[in-house]
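Undergrad: model this:
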Amino acid sequence: MMNDYLDSVKKQFTYYKLLGEKTFAQLPDDKLFWQYNQESNSIATIVKHLCGNMLSRWTDFLATDGEKEWRNRDNEFENILTTKQEVLDEWNAGWNCLFDALNSLTQDDLQTEIYIRNQGHTVVEAINRQLAHYPYHIGQIVFIGKMICDDSWTSLSVPKGKSKELNAEKFSKPKHKEHFTIEYLNKSKTN
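TA: The predicted structure follows:
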């Protein structure tokens, strides 16, 4: 069951990573830096924060506190990224660190106690904590992207007014156990 858990969280993280990437793909490069006002974050700033959090939490995941001494969280909210490539580099650095750590875990590791800011968590609790945190910020990225694109936004889920069509299609098929696979998620990246 715990191996199923690791597979499941990898799929969930992959899904949310793709939502962010599908949002980036719909935006002109300069809109990654758009802010509603001075108190709000741009997509680039949210990406910088996600990367900082991921690098801190997932580097030496089992061995050191998830809040690394070298992390400068306040700096993550400064608007210092200036190009789309810098945004994508930060994005990929964070996700690569996360997936490297997850891929190194075994079933035996899942009940190991680790620390985040000196607070003990089992590995499962620590993963769940991040599985709640990252989609929160990716939802912000999607929302900002949707505001920027306005009428040209291509829905990343069921488009408005299309629920009945989707349900008709789904209920026209026999019941089955369908799990998202990494292959499915990667295929959907191109759609």
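Undergrad: Number of residues surrounding Ser157?
TA: Per other C-beta atoms under 10 Å, the neighbour tally for Ser157 reads 8. The way it works is simple: take the backbone N, C-alpha and C, and place the C-beta from them, glycine included.
Undergrad: Any buried residues in the helix or strand harbouring Gln140, and which?
TA: Take DSSP states H and E as the rule and Gln140 turns out to sit in helix 123-149. Along helix 123-149, these residues count as buried under the neighbour rule (16 or more other C-beta atoms under 10 Å): 123-124, 126-127, 130, 134-135, 137-138, 141-142, 144-145, 148.
Undergrad: where along this structure do the strands fall?
TA: Assigned by DSSP state E, the chain shows strands spanning 113-116, 119-122.
Undergrad: now, of the ones you listed, which is deepest in the fold?
TA: strand 113-116 (a mean of 15; mean count of other C-beta atoms under 10 Å).
Undergrad: Pull up the pairing partners for that one, direction included.
TA: strand 119-122 (antiparallel) (DSSP bridges).
Undergrad: So what touches the partner strand?
TA: 110-115, 129 (C-beta atoms under 8 Å, 6 or more residues apart in numbering).
Undergrad: average pLDDT across that strand?
TA: Summarised as a single mean, pLDDT over strand 119-122 is 98.
Undergrad: Got the phi and psi for Leu62?
TA: The phi/psi pair for Leu62 (degrees, to the nearest 10) reads phi -90, psi -10.
Undergrad: Asn72: how many residues sit nearby?
TA: Once other C-beta under 10 Å is used to define contacts, Asn72 is seen to have 10 neighbours.
Undergrad: With adjacent residues omitted, what lies nearest to it?
TA: Leaving aside its sequence neighbours, Asn72 sits nearest to Gly52 (C-beta to C-beta, 6 or more residues apart in numbering; 7.5 Å).
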